[in-house]
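> all I have is the shape, not the residue letters:
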């Protein structure tokens, strides 16, 4: 049974909901994470390199498995947003900190997050993540610095 | 300049728009493919294993590059659909035929497609594709055959 302790206030905008999602990942907090998701039967999730996962119960099980290995040191960066009416689509570069004996390094994931506005606030209905490349980050930096994508060498 | 020759009739439902998208890929028809996309600035696309691509001009360039190698023998299968109001989110298993001297084999891609209803019909605003595994297909078959996902050996 998924608890929905969040008030609509915490999910008042797509940005708020996205913040809740990533904070829950960082905290390894399964209840908080699942409270972000919408109530639709067909909510869907693809983890990097993984199969598609459809429905709240299956999504919950997939994150439970991830959290069994610990919280996820993920930092959302370089969001691009498309909002039309009650629908928001965010593309996020997720920076994941990987720490080993050589120190901490960053890995990148490209994620598409879809949110719908409901009576209970903005809820996530789709999260599709796939392994990114350093090219993504370089492209973003070039966009920021020169105002348009450039070919990078 | 992107031509929009499609009538709203061809994009009358998310399923129609999705059919146009995959038929355009199969035909290697860039104009037809781009006519499926919405007019929003932040339409976004992630090709399997690739970086994110934002905006119609960049998306067009990315498909032009793909079509330079030929049309894409892709077959959408096992759609899962979530429709709320004027928003449709489809998860599709894309079967891609790869032909070499050993014959034809299938590779699988997991795609999330987002469509919004507009005055010009349902238009694609996001396409995120990532390499799938045979596990995806087995899961789907098990869902079809027994009504619930099972652990596969």
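It's in. All figures in this text were calculated on a predicted structure; none of them were measured in a lab.
> is the longest strand anywhere in chain A anywhere near chain B?
When chain A is parsed with DSSP state E, its longest strand is strand A:103-118. Yes. Using C-beta under 8 Å from any C-beta of the partner chain, a contact is recorded between strand A:103-118 and chain B, made by A:110, A:112, A:114, A:116. To be clear about C-beta, it is placed using only N, CA and C from the backbone, and glycine gets the same treatment.
> neighbour-wise, which one of those leads?
Each of these was scored for neighbours by other C-beta atoms under 10 Å in any protein chain shown, and residue A:114 scores highest at 27 neighbours.
> that residue against residue A:125, yeah?
Yes. Residue A:114 is in contact with residue A:125 according to C-beta atoms under 8 Å; the separation is 5.3 Å.
> dump the residues of strand A:103-118 next to chain B into TSV; add pLDDT as well.
Below are the residues of strand A:103-118 next to chain B laid out as TSV (pLDDT from 0 to 100):
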residue	pLDDT
A:110	96
A:112	98
A:114	98
A:116	97
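> okay if I get those as TSV plus distance to residue A:93?
Supplementary listing: these in TSV, determined by distance: C-beta to C-beta, whole Å:
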residue	distance to residue A:93
A:110	6
A:112	11
A:114	17
A:116	23
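> ok, so of the residues you listed, who is nearest residue B:53?
Each of those was scored against residue B:53 by C-beta to C-beta, and residue A:110 proved nearest at 10.1 Å.
> wait, doesn't the closest one sit right on residue B:52?
Yes. With the criterion set as C-beta under 8 Å, residue A:110 and residue B:52 qualify as a contacting pair; they are 5.0 Å apart.
> overlap in contacts, the two.
Contact criterion C-beta atoms under 8 Å, 6 or more residues apart in numbering or on different chains; residues bridging residue A:110 and residue B:52 by contacting each: A:91, A:93, A:132, A:136, B:46.
> and which of those is nearest residue B:72?
The nearest member of the shared contacts of residue A:110 and residue B:52 to residue B:72, counting by C-beta to C-beta, is residue B:46 at 15.4 Å.
> tell me the pLDDT at the nearest residue to that closest one once chain neighbours are set aside?
Distance criterion C-beta to C-beta, 6 or more residues apart in numbering or on different chains; nearest residue to residue B:46, sequence neighbours excluded, is residue B:128 at 4.4 Å. At residue B:128, the pLDDT value in this model is 98.
> which SSE is residue B:128 in?
Secondary structure from DSSP states H and E places residue B:128 in strand B:121-131.
> got the angle for that strand vs strand A:103-118?
Here strand B:121-131 points in a direction 150 degrees away from that of strand A:103-118 (axes from the mean of the first three to the mean of the last three C-alpha atoms, to 10 degrees).
> what's the longest strand of chain A packed up against?
Applying 3 or more C-beta pairs under 8 Å, 6 or more residues apart in numbering or on different chains; DSSP states H and E, we find strand A:103-118 packed against helix A:14-27, strand A:87-100, strand A:121-131, helix A:134-146, strand B:44-46, strand B:103-118, strand B:121-131.
> residue B:36 is nearest to which of these?
Between residue B:36 and the helices and strands packed on strand A:103-118, the shortest separation by C-beta to C-beta is 5.0 Å, and it involves strand B:121-131.
> list the buried ones in the closest one?
By neighbour count, and taking 16 or more other C-beta atoms under 10 Å in any protein chain shown as the criterion, the buried residues in strand B:121-131 are B:121, B:122, B:123, B:124, B:125, B:126, B:127, B:128, B:129, B:130.
> thinking again about what came up before, flag whichever of the shared contacts of residue A:110 and residue B:52 scores worst on pLDDT.
The weakest per-residue confidence within the shared contacts of residue A:110 and residue B:52 falls on residue A:136 (67).
> quick one on the thing from earlier: which of the shared contacts of residue A:110 and residue B:52 has the most neighbours?
For those, neighbours were counted by other C-beta under 10 Å; the highest total belongs to residue B:46, with 27 neighbours.
> contacting residues for it?
Contacts were defined as C-beta under 8 Å, 6+ apart; by that measure residue B:46 touches A:91, A:110, A:112, A:128, A:130, B:52, B:53, B:127, B:128, B:129, B:130.
> so what's it bridging to?
Judged by DSSP bridges, the bridge partners of residue B:46 are residue B:52, residue B:128.
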